[in-house]
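S.K.: Model the structure of this input:
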Amino acid sequence: MDITKYTLTNKKGASVTLSSLGACITSIIVPDKDGKLEDVVLGYKDDASWMADGPCAGKCPGRYANRIAKGHLEIDGKIYSLPINNGPNHLHGGPEGFQNKIWDSRKVGDAVEFMYYSEDGEQGYPGNLKVVARYEWSEDNELRLTFTAQCDAPTVINLTNHAYFNLDGHGSGSVLDHELKLNASLYLPTDDTLIPLGEAEPVAGTPMDFLESKKLGRDIKEDFPALNYGKGYDACWIIDGWQEGQLQQAAKLVSAKSGRSLSVYTTQPGIQVYTGNWLAGCPEGKDGAVYEDYGGVALECQHFPDSPNHPEFPSTRLNPGETFEQAIIFAFGCNSI
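M.R.: Numbers count the residues shown, from 1 in each chain. From the prediction side, this is the model:
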């Protein structure tokens with residue numbers, strides 16, 4: 001397995017390491033309130049562990065991130081059957097999705113570009129698709145990820161990054177004391193296989209309300225459908241005020257313990273928050289770390305799950321002659337406490 005890795009380091013000594021397997025973020029090393037540099041992204045000790053890992057740690061899944069109900073996709077009256085790999089549903093582009101492919105890669109100035117060519121029929125999807133994931137790391141500890149894609153036949157696309165963050169350091173245990181704020185008044189209720197029911201609902205008065213910053217663990221044990229289905233948070237919130245192509249803040253994650261913060265900005269309409277509810281038993285972590293459930297939180301900016309089967313959702317269709325372009329920024333800061 002010929003994996004290429006790149007490390008981008010700024011003048012402050014903070015760095016990001018990227019891998020060509022799944023266009024993956026394998027580490028982000030940033031300072032805490034005392035200036036101590038630590039890796040805040042979960043990952044594995046051995047290169048082989050990244051292939052086909054259950055958590056999809058740090059990688060860019062595709063052609064369609066998140067779920068498509070029963071693997072059923074219809075485009076212009078033609079039905080396509082996608083592989084079922086998550087209960088009754090299709091997840092993250094299938095078992096051989098983009099996250100489990102070696103992407104072509106190159107350094108472009110201070111950026112790294114990963115390129116993948118997905119052939120017509122791969123994992124059941126129509127059309128040849130060329131995807132570029134471009135990463136840039138700033139002097140202000142901001143990681144910008146820009147996706148672009150073109151196709152030669154109508155298809156669907158939904159791309160994100162699936163990094164798990166622990167702002168106390170990747171091997172430091174539970175993130176349930178981290179505080180999260182979401183710029184989202186609505187979320188998408190789902191069935192028990194995490195497929196949206198259709199209608200968005202207000203977060204007000206529910207454990208899904210993160211409009212004011214609160215600890216991830218505060219309400220996680222509440223008796224509430226969205227929490228019962230996944231043993232914690234694994235749901236999609238609708239970002240307030242979303243407009244096509246407009247970059248805006250979706251989330252802010254803070255650890256009082258380390259003083260680190262992470263602000264997330266995106267052009268995408270939704271954010272899937274997953275509190276690492278099933279991390280126990282995953283491969284051995286970096287530095288010999290053993291990851292347990294709730295050992296990291298994924299903040300996955302994306303279009304909504306099962307959008308191709310919900311015409312009322314923002315469209316994930318891509319036509320020939322169009323360019324898919326979306327951006328995500330992970331901006332790390334430090335609160336001196």
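S.K.: Would you mind confirming that Y6 makes contact with L18?
M.R.: Yes. Using CB atoms under 8 Å, Y6 makes contact with L18 at a distance of 4.8 Å. Any C-beta I mention is one placed from the backbone N, CA and C, and that applies to glycine too.
S.K.: okay, and the common contacts of these two?
M.R.: Shared contacts of Y6 and L18 (CB atoms under 8 Å, 6 or more residues apart in numbering): V112.
S.K.: And the two? Which one has more around it.
M.R.: L18 (25 against 18; other CB atoms under 10 Å).
S.K.: Could you look up the next helix or strand downstream of the strand or helix carrying the more buried one?
M.R.: For L18, the enclosing helix or strand under DSSP states H and E is strand 15-19. Later in the chain than strand 15-19, the nearest helix or strand by DSSP H and E is strand 24-31.
S.K.: strand partners of the helix or strand following that following strand, parallel vs antiparallel please.
M.R.: Per DSSP H and E, the first helix or strand lying C-terminal to strand 24-31 is strand 37-39. Partner strands and pairing direction for strand 37-39 (DSSP bridges) are strand 24-31 (antiparallel).
S.K.: Tell me what angle the partner strand forms with strand 15-19.
M.R.: 170 degrees (axes from the mean of the first three to the mean of the last three CA atoms, to 10 degrees).
S.K.: neighbouring contacts of strand 24-31?
M.R.: 5, 12, 14-19, 37-41, 43, 50, 57-60, 99, 135, 141, 143, 161, 163, 170, 260, 286, 330, 332, 334.
S.K.: Drop anything exposed from these.
M.R.: If you count burial by 16 or more other CB atoms under 10 Å, the buried members of the contacts of strand 24-31 come out as 14-19, 38-41, 43, 50, 57-60, 99, 135, 141, 143, 161, 163, 170, 260, 286, 330, 332, 334.
S.K.: R218 is in contact with L227, correct?
M.R.: No. Taking contacts as CB under 8 Å, L227 lies outside contact range of R218: 11.6 Å.
S.K.: If you count surrounding residues, which of the two has more?
M.R.: Remark: of L227 and R218, L227 carries more neighbours, 21 against 14, as counted by other CB under 10 Å.
S.K.: pLDDT at that one, what is it?
M.R.: Predicted confidence (pLDDT) for L227: 98.
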